[in-house]
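Chemist: Next come a sequence and a model predicted from it.
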Amino acid sequence: MLTLGLGGSNHDFAACLVADGTIAAGIEEERIRRVKYSVGVNSLFNQSWRYCLDMAEAKLADVDVIVADDTLLAPAWFPFRKKIHLIRHHMAHASSAFFPSPFERAAILVVDGAGSLIDGEGVETLTTAVGENTTITELSKVYGTNWSTDGLSALRVYQAGDSDHSLGYMYKAVSKAIGFVLYEDRHWYLSEDGKTMGLAPYGTPRYCADFREYLELLPDGRYRLHLKNGGLLDFIEHALDGYEGEERFARGADLAYAAQDTLEEALLHVARKLHADTGLTDLCLAGGVALNCVANGRLLRETPFENVFVQPAAGDGGCAVGNAFYGYHVIAGQPRKEPARTAQRHAYLGRGYSDQEVRTALDASGLPYRKVDNPAELGATLLSRGALLSWFTGGSEFGPRALGHRSILADPRRAEMKDIINARVKHREAFRPFAPAVLREHAPEYFELDIESPYMLIVAPVRAEKQSEVPAIVHVDGTARVQTVTREDNGSYRELIEHFHRLTGVPVILNTSFNDRGMPIVETPEQALDFYGGSRLDHLIIEGYLVAHSAEELESALADAGTD
């Protein structure tokens, strides 16, 4: 049985194909179109669902059920009208978190900017639920008020994310006030909230009391966050007026600090009541706010929940995963079989590329290359000697994190690596941190983390005695966004870290995404080679081939590593 999930709202179109209860393929539209947060107005012109079918060697006629969520993209589903089922946005998120999880029964928390518009209530901004077997039962919601006020209200125009009582929209407004906006027009903008999260530890509690004035924690486990009509948005929009230079940066950090503080306190309040009401110790998270890995870390450390599963594509693209599973388990009535054994273990949902495809791309690039016998060992050796290494293998990751298949890697022992990569390769703000990938069995030695974190979606404190050993991955507040790596799930990426451990005694490497600022992560060999060729990265290892910028550099790298 094949079920196709189509996800997205007014951003992040994606597709996922589930075959007989497991994910067969998944990709976000941006990886193919090469435009960040891509969305199409008509599904016939979107390429992600075609990519998934091609990967599974299937045709649209072979698909039994198609499911999408009923947000702004609803008209785009028209070409599939004979097969499609529409479900609420938060149900799609909840399904993406629970059905691929290893839990038979679990609490579910969905938090984002805004979901489906529900008559008589408003728009979903937060939902709690319980998942059991193939059933998800919603327990409570926080609704936002969301109607346009620009003269189009008679047409009931839905302005996505522009919602009162929305933690996601509050955070988005702070990102915009600081200046972290990727795209903006008259009605809508895309904020870069990850930057705000990274900036927050540089701030002080200067504005926390101002934010808390508008947050009301309710006894039933919900909250009110007054944003509009004289609410917090007025304060946010003008908090930085008149400040420039270092003072503006400092106050921007204070604004980010207050946003993070408010977000965390609201989520802790909701999660504690969710545990009290359900008695469950397993928690599933999804929705754009679930990408806030700092908040996720606090939920794990400061609530009674003992295990947390975060959908790796927690944003709107991940709804494609939830929709595909919803189609399989709920609409088609197929059972969940042994979740602990069949759970989603990795995010490598894209297609692999054959040796011939890689060789064709290499030859077309004009870059010198050489086939090597042990790319993982060679990569570890180059890293240990200070190289900046781009690493390409297998299928691409689904979601915003590079998890070892489309990554840029470096030695975490070298404190200068953070500034070098930010300046030379990523062209990012200097305050932004980089993440560690650590051998799973060694994670507790370096981080205050007792569970697996395979998707880099939990921030944990770096143990004080280890911070000087891996300074390039330690953020200003002594934390890191951890990826735990296993043999079962991570293949040659794991082998590379094992070799690095043998060479250096350190079971950790620095990992960041294989892209430049504001661009999607590379998908194909051609894209990887094009990016590498124009970059200041030292080397590229792509499916067993070492690539360099010049023949001299290639020979030097092979000689240094003791490879002919």
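Modeler: Cool, got the structure.
Chemist: any idea how far residue 525 is from residue 367?
Modeler: Using Cβ to Cβ, to the nearest Å, one gets 12 Å for the distance from residue 525 to residue 367. (Glycine included, C-beta is placed from N, CA and C.)
Chemist: got it, and residue 192?
Modeler: In terms of Cβ to Cβ, residue 192 sits 32 Å off from residue 367.
Chemist: circling back to that earlier point, more crowded one of residue 525 and residue 367?
Modeler: For the pair residue 525 and residue 367, the greater number of neighbours falls to residue 525 (22 against 19), based on other Cβ atoms under 10 Å.
Chemist: who touches the residue nearest to residue 448 when sequence neighbours are not counted in this structure?
Modeler: Here the nearest residue to residue 448 in space, its sequence neighbours aside, is residue 461; by Cβ to Cβ, 6 or more residues apart in numbering that works out to 4.5 Å. With contacts taken as Cβ atoms under 8 Å, 6 or more residues apart in numbering, residue 461 has the following neighbours: 447, 448, 478, 479.
Chemist: quick one: which of those residues has the most company?
Modeler: Using other Cβ under 10 Å as the neighbour criterion, residue 447 leads the contacts of residue 461 with 26 neighbours.
Chemist: Quick check: that one touching residue 463?
Modeler: Yes: the pair residue 447 / residue 463 is scored as a contact, 6.6 Å apart, by Cβ atoms under 8 Å.
Chemist: buried sites along stretch 62-72?
Modeler: Of the residues in stretch 62-72, those with enough neighbours to count as buried (16 or more other Cβ atoms under 10 Å) are 63, 65, 66, 67, 68, 69, 70, 71, 72.
Chemist: Tally up the residues packed near residue 560, please.
Modeler: Neighbour count for residue 560, taken as other Cβ under 10 Å: 13.
Chemist: per-residue confidence at it?
Modeler: At residue 560 the predicted local distance difference test score is 75.
Chemist: Skipping its backbone neighbours, what lies nearest it in space?
Modeler: Taking Cβ to Cβ, 6+ apart, and ignoring the residues beside it in sequence, residue 560 has residue 385 as its nearest neighbour in space, at 6.6 Å.
Chemist: quick revisit: from the contacts of residue 461, which single one is nearest residue 210?
Modeler: Out of the contacts of residue 461, the one with the shortest distance to residue 210 is residue 479. That distance is 25.1 Å, counting by Cβ to Cβ.
Chemist: In contact with the closest one: list those residues for me.
Modeler: For residue 479, the set of contacting residues under the criterion of Cβ under 8 Å, 6+ apart consists of 201, 294, 297, 459, 460, 461, 462.
Chemist: could these be laid out in CSV, adding secondary structure, pLDDT and distance to residue 518?
Modeler: Rendered in CSV, the data for those read as follows (DSSP: H, G, I helix; E, B strand; the rest coil; pLDDT from 0 to 100; distance: Cβ to Cβ, whole Å):
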residue, secondary structure, pLDDT, distance to residue 518
201, helix, 98, 23
294, helix, 97, 22
297, helix, 97, 27
459, strand, 97, 23
460, strand, 97, 28
461, strand, 98, 30
462, strand, 98, 28
